[in-house]
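>>> build me a model:
(one chain, ligands or ions: 4)
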Amino acid sequence: MGRTTPNHQIEGGSKGAKVGNPDIEVRHTICSICNPGSHCGIDAYVKDGVIIKVEGTKSHPHSAGTLCPKGAASRQYIYHKDRLKTPLLRTGEQGSGRFEPISWDEAMDRIGETLNRIKEESGPETVAFYVGYSKWMRPFVKRLAHSFGSPNYCTESSTCHTATVVASELTYGGFGDPEIGKTRCLLVWSKNPFYSNPSAIRRLLDARERGMKIIEVGPLITPLTAHADIHLRIRPGTSGALAHGMANVIIEEELFDMDFVENWTLGFEEYRAYVQQFSPEETEKVTGVSSRLIREAARLYATTKPAALMTSASPTVHHTNGVQNHRALIALVGLTGNFDREGGNVVSPDTYLYMSAGVGSRQYEYEQSRPWSEMAPRMAQDKYPIWSGMIAEAQAMHLPFQIQNPEPYPIRGLVAFGMNYRMWPGSDFMLQSLKKLDFMVNVDLFMTDTCKVADIVLPACTSFERSELKFYPEKYVMWTTPVIKPLGESRSDADIIFDLAKRIAPDDPLMQQGYEANVDWILEPTGIRLEELKGHPKGMMLKDVPKIRYKKYEERGFPTPSGKMEFASTILKEEDLDPLPTFRESRLSLVSTPELCSDYPLILTTGARLPMFIHSRTFRLPWTKRLRPEPMLDINPRDAKERNLSQGDEVLLSTPRNSVRVKANITEMVPPGVINIFHGYSEPEVNRLIDPDYLDPISGFPGFKSLICQVEKAMRTGERHK
Ligand SMILES: Nc1nc2c(c(=O)[nH]1)N[C@H]1C(S)=C(S)[C@@H](COP(=O)(O)OP(=O)(O)OC[C@H]3O[C@@H](n4cnc5c(=O)[nH]c(N)nc54)[C@H](O)[C@@H]3O)O[C@H]1N2
Ligand SMILES: Nc1nc2c(c(=O)[nH]1)N[C@H]1C(S)=C(S)[C@@H](COP(=O)(O)OP(=O)(O)OC[C@H]3O[C@@H](n4cnc5c(=O)[nH]c(N)nc54)[C@H](O)[C@@H]3O)O[C@H]1N2
Ligand code: SF4
Ligand SMILES: [Mo]
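Ligands and ions are numbered 1, 2, ... in the order given. So this is what the prediction gives:
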């Protein structure tokens, strides 16, 4: 297949190599359009200060020269006409899009003065700080919020990843990634890395060629399905039941790791008793997966050693029962003795920004510049005590409620970096709430609909125009240097943050020293200095990284209250919640709300990733847009036939809350009875279909992936309006 294994011998210090044409220089950076798990190495061909071509950096140990459709369209992203070029002050009504350019000094002075005034009048907690999907600036925004005195730093991670962290903390005190190169069986539970994490695919397919077995769980057919030995096509929202069905087989047939269970777990007998009701036949009724496949998958996973579980940041926790569902499936890892074992799920603490490179940094210490005890309680801290106890942020899903119902204190000001109000369930409610703020700043690359409600909009630049620190699991580190100057007057988010710090966090001496001094402070335990990194613009391999150790729990126990892996959670019990990973139906489902079935007979799952789009961002780019020019929902041929639909027909997609118009894509990719629609479209705005309080009570995560709906051919007249 011609996949390349990356060359780990990276020459450092090769700065801006010249190519054949002496006017063109090849400079190195990273693409950060998508998630931190990718951030592919980029060779930017620069002529007269303009990028004329991009390629993947072949010697980059993580991405090995590969780029996905989004990264390949980088030039269209960087040079897009909607890029913000100057700071803007709103002069028209909120949403009108009328702004006038102002200078950086004026913008920053106004922001500083207004935030300090709100702090004086109502307390620092009444200013919230927010970061959207971009993650690179988070440590600095978080410290800024805390140094200002506000506990209300929140992020897009209130819908992403952190609920899986809560599930893992409750069960193991932390979790581990699959050791793909060494595992012999990979249980991929609702992840489509071909689309969502392309840089991981090379390793996965290499392992497959060496004989690794693959079990895929998820309702949709994905490119991985073609490589899977078994595909368990569950009804959305029933992961918990399926996991218990597999546990039932593993326990009944004594395929579990008795030694681990006996010595290192709490609550096994209760768990064993509980999963007895999930015989494969009963589980088939709940999940829609045949009892034969449940048995086969359970046996394959439990008897192929070592086996590893690959989970995702969101599809298993985007349910009103998400945390418990996720606990149920990760319990299989301990049950089969694959926790922190070679080729299993190996625990390795994060180095920096969600990436583990085998060394430690001071990121978390850096972010918490003020202890919680010296700040007001976070918004919704009491509503989500478990999530708040484990995640050092405020739950952003509560932001619109806190704005609308200002108890015990209002939110008056908001400083946002890359906010997209459409990612909230009940996005219209979020938009209305933003309009009630006294003052809002949004920093973005583009003039988005969220920017349009802000009082001041600041132009940020892309990863090609800034410097950032990036660690990779291949024990590789980069400090990027800008390959072109920031467009117009746009600036790096970091420059904006440290400029703001001068005005609103004057008492934080470290922040007064500027961006690079702060990065050096974070890096201290790694022994690397920025000065050294600057000499390696292509990045460098880390030296003296300690060898991976397995079964670390044998030395110090599990970091849970009992010191063991907890099938029955001590913390959940203390909070009067089900200690076992109990399976419950989603709040809206054909089973839990049968009275709604005749009007809404279909299951709705939103947000399965598409390879060319990332959330709300890449629709603008001609290359990526051409791959799916119009928004569509996916519907199975059987359901389409029942509705007399043809490919491309306009339909009305309705939930009990709302309806939207969209075109139909008829495909076997979705099973009968399930409708799938991408979440990042501005029109139709899918999240209007979902109630803003359709949330998991433990994590506050939205139930984006199990709802009920109806699809009808759109009528020219007589549409149903709700
Ligand atoms: N191209 C691209 N890449 C992305 C993103 C993007 O927008 N575009 N977003 C990034 C982000 S923020 C995230 S969180 C990740 C997500 O990354 P992934 O989790 O890999 O992506 P998804 O496509 O959301 O979900 C994967 C699979 O979950 C299954 N699934 C859907 N509903 C359910 C359900 O109810 N239960 C279970 N058990 N499975 C279900 C479907 O079969 C689907 O194929 O992707 C990241 N990467
Ligand atoms: N229905 C439904 N809703 C969902 C999901 C789902 O599956 N279904 N998924 C949820 C998940 S998992 C996630 S992660 C969220 C997505 O989270 P969002 O935050 O909505 O993601 P994006 O649209 O990628 O980014 C938001 C903004 O950040 C801007 N931006 C990009 N780079 C930078 C930068 O470097 N600096 C600054 N200042 N701004 C930048 C972009 O231009 C964009 O306007 O959506 C959630 N919402
Ligand atoms: S996978 Fe694509 S979007 Fe993500 S970093 Fe790589 S090239 Fe960029
Ligand atoms: Mo996400």
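
>>> quick one: contacts for the residue of the stretch 551-700 of the chain found nearest ligand 4?
Using CB to the ion, residue 615 is the residue of the stretch 551-700 of the chain that sits closest to ligand 4, at 8.0 Å. Every C-beta, even on glycine, is put in place using the N, C-alpha and C of the backbone. The neighbours of residue 615, taking CB atoms under 8 Å, 6 or more residues apart in numbering as the test, are 133, 420, 423, 679-680.

>>> and if we set it to 6 Å?
133, 680 (CB atoms under 6 Å, 6 or more residues apart in numbering).

>>> and the pLDDT for it?
In this model, residue 615 is scored at 95, pLDDT.

>>> so how far is residue 203 from it?
Distance, residue 615 to residue 203, by CB to CB, to the nearest Å: 25 Å.

>>> so where do the strands sit in the stretch 451-600 of the chain?
Assigned by DSSP state E, counting those that start in this stretch, the strands in the stretch 451-600 of the chain fall at 456-459, 469-472, 476-479, 540-541, 565-566.

>>> does anything pack onto the third one? Which helices or strands?
Okay, so that is strand 476-479. Applying 3 or more CB pairs under 6 Å, 6 or more residues apart in numbering; DSSP states H and E, we find strand 476-479 packed against strand 469-472.

>>> helices or strands up against the strand it packs on?
For strand 469-472, the packing partners by 3+ CB pairs under 6 Å, 6+ apart come out as strand 476-479.

>>> recalculate using a threshold of 8 Å.
On a contact count with 3 or more CB pairs under 8 Å, 6 or more residues apart in numbering; DSSP states H and E, strand 469-472 meets strand 476-479, helix 515-523.

>>> what's next to the longest one, contact-wise?
Spelled out, it's helix 515-523. Against helix 515-523 from outside (CB under 8 Å, 6+ apart): 139-140, 143, 352, 361-363, 366, 467, 469, 479, 494-495, 497-498, 510-511, 529-530.

>>> can you tell me which of the residues you listed are buried?
Buried subset of the contacts of helix 515-523 (neighbour count, 16 or more other CB atoms under 10 Å): 139-140, 143, 352, 361, 363, 366, 467, 469, 479, 494-495, 497-498, 511, 530.

>>> of the residues you listed, which pair is most distant in space?
The span of the buried ones among the contacts of helix 515-523, defined through CB to CB, is set by 361 and 495 at 21.6 Å.

>>> the longest helix seen in the chain: which residues count as buried?
Using DSSP state H to define each element, the chain has its longest helix at helix 104-122. Residues of helix 104-122 classed as buried: 104, 107-108, 110-112, 114-116, 118-119, 122 (neighbour count, 16+ other CB under 10 Å).

>>> looking at the residues you listed, which one is closest to ligand 3?
Distance to ligand 3 across these (CB to the nearest ligand atom) is lowest for residue 104, with 28.9 Å.

>>> near ligand 4, which residues of this protein show up?
For the chain, the residues in contact with ligand 4 (CB under 5 Å from the ion) are 160, 314.

>>> which bits of the chain sit near ligand 3?
31, 33-34, 38-40, 67-68, 70-71, 198-199 (CB under 6 Å from any ligand atom).

>>> and ligand 1, which of those reach it?
Filtering the residues of the chain next to ligand 3 for proximity to ligand 1 by CB under 6 Å from any ligand atom leaves residue 34.

>>> and stretch 670-685, how far from the chain's centre?
Averaging C-alpha positions (CA atoms, centre = their mean, to the nearest Å) puts stretch 670-685 18 Å from its chain's average.

>>> give me the mean pLDDT for that stretch.
The predicted model gives stretch 670-685 an average pLDDT of 96.

>>> also stretch 209-218?
97.

>>> what comes up buried for it?
212-218.

>>> can you list those in CSV and add secondary structure?
Shown next, in CSV, are the buried residues of stretch 209-218 (DSSP: H, G, I helix; E, B strand; the rest coil):
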residue, secondary structure
212, coil
213, strand
214, strand
215, strand
216, strand
217, strand
218, coil
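
>>> restrict the residues you listed to contacts with ligand 1.
217-218.

>>> so which of the buried residues of stretch 209-218 comes closest to ligand 4?
residue 218 (15.8 Å).

>>> contact partners for the closest one?
Residue 218 touches 188-192, 231-234, 315, counting by CB under 8 Å, 6+ apart.

>>> so which of these wins on neighbours?
Most neighbours among these, by other CB atoms under 10 Å: residue 315, with 29 neighbours.

>>> mind checking the SS state of that one?
Going by three-state DSSP: residue 315 is coil.

>>> report pLDDT for the nearest residue to it once chain neighbours are set aside.
Once flanking residues are discounted, residue 315 sits nearest to residue 190: 4.0 Å by CB to CB, 6 or more residues apart in numbering. pLDDT for residue 190: 97.

>>> try the one 10 residues further on
Reading off the per-residue confidence, residue 200 sits at a pLDDT of 88.

>>> what's around the residue nearest to it when sequence neighbours are not counted, how many residues?
Closest residue to residue 200 apart from its sequence neighbours, by CB to CB, 6+ apart: residue 193 at 4.8 Å. Number of residues near residue 193 (other CB under 10 Å) recorded here: 21.

>>> count the residues that sit near whichever residue of the stretch 151-300 of the chain sits closest to ligand 4.
Ligand 4 sits closest to residue 160 of the stretch 151-300 of the chain, with a gap of 3.1 Å, by CB to the ion. Close neighbours of residue 160, defined as other CB under 10 Å, add up to 18.

>>> contacting residues for it?
Per CB under 8 Å, 6+ apart, neighbours of residue 160: 133, 313-314.

>>> circling back: what subset of the buried residues of helix 104-122 is also close to ligand 2?
Within the buried residues of helix 104-122, nothing lies near ligand 2 by CB under 6 Å from any ligand atom.

>>> can you list those residues in a markdown table and add pLDDT?
Below are the buried residues of helix 104-122 laid out as a markdown table (pLDDT from 0 to 100):
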| residue | pLDDT |
| --- | --- |
| 104 | 98 |
| 107 | 98 |
| 108 | 98 |
| 110 | 98 |
| 111 | 98 |
| 112 | 98 |
| 114 | 98 |
| 115 | 98 |
| 116 | 98 |
| 118 | 98 |
| 119 | 98 |
| 122 | 98 |
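
>>> as a markdown table, the strands of the stretch 451-600 of the chain with mean pLDDT and distance to residue 357 would be great.
Shown next, in a markdown table, are these (pLDDT from 0 to 100; distance: least, CB to CB, whole Å):
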| stretch | mean pLDDT | distance to residue 357 |
| --- | --- | --- |
| strand 456-459 | 98 | 31 |
| strand 469-472 | 97 | 4 |
| strand 476-479 | 98 | 7 |
| strand 540-541 | 96 | 10 |
| strand 565-566 | 98 | 26 |
